[in-house]
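[1] Need the 3D shape of this:
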Amino acid sequence: MTPKIRLLLIDDNHEIIEMLRLGLESYFIIDDAEDGAIALEKINSFKPDIAIVDIKMPHINGFQFIKAIRGDPATADFPLIILTAMPVESSQFEGYASGADYFLTKPVMPSELLEIIPKIVAISQTERLQKYQNFAQKAMEDYTNGN
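    Next comes the predicted model:
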């Protein structure tokens, strides 16, 4: 039997956490954190395989959390999904620029996460690095072309 994926849910909205927990707990081992500061502590003790992180949170927001994870060699290739209610136009670019692997907007169905989570966990360090390099190259081209 394949071990269950360990999932860390990071959101200051307890209703969102509970909805996701109810929809996903049969498939994953789940822990949660109400902000990025608590989540950074839980990374070391819970040892998740992936995190789903909101953007707007107190103390350390989602972007800051992702940058902290990507800035630490021990967690630099840790799989991260942003799940936010913020408008895509204002947050998707910054989410990918900070190092998110995937970007989703609320509300999201647990069935969608069941499909996406294993794919994101399976991304290799090399694939993740290539994805970031492609993103940076496209962003530079867009900037140069005035887009």
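[2] Check which helices and strands the helix or strand bottoming out on mean pLDDT in the chain is in contact with.
    Least confident helix or strand, the chain: helix 125-144 with a mean of 72, by mean pLDDT, DSSP states H and E. Based on contacts counted as 3 or more C-beta pairs under 8 Å, 6 or more residues apart in numbering; DSSP states H and E, the elements that helix 125-144 packs against are helix 88-98. Bear in mind the C-beta positions are built from the backbone N, C-alpha and C, glycine included.
[3] can you pull the buried residues of the following helix or strand past the helix it packs on?
    Beyond helix 88-98 on the C-terminal side, the first helix or strand identified by DSSP states H and E is strand 102-105. For strand 102-105, burial by neighbour count (16 or more other C-beta atoms under 10 Å) applies to Tyr102, Phe103, Leu104.
[4] From Tyr132, how far out is the second one?
    The spacing between Phe103 and Tyr132, counted by C-beta to C-beta, to the nearest Å, is 14 Å.
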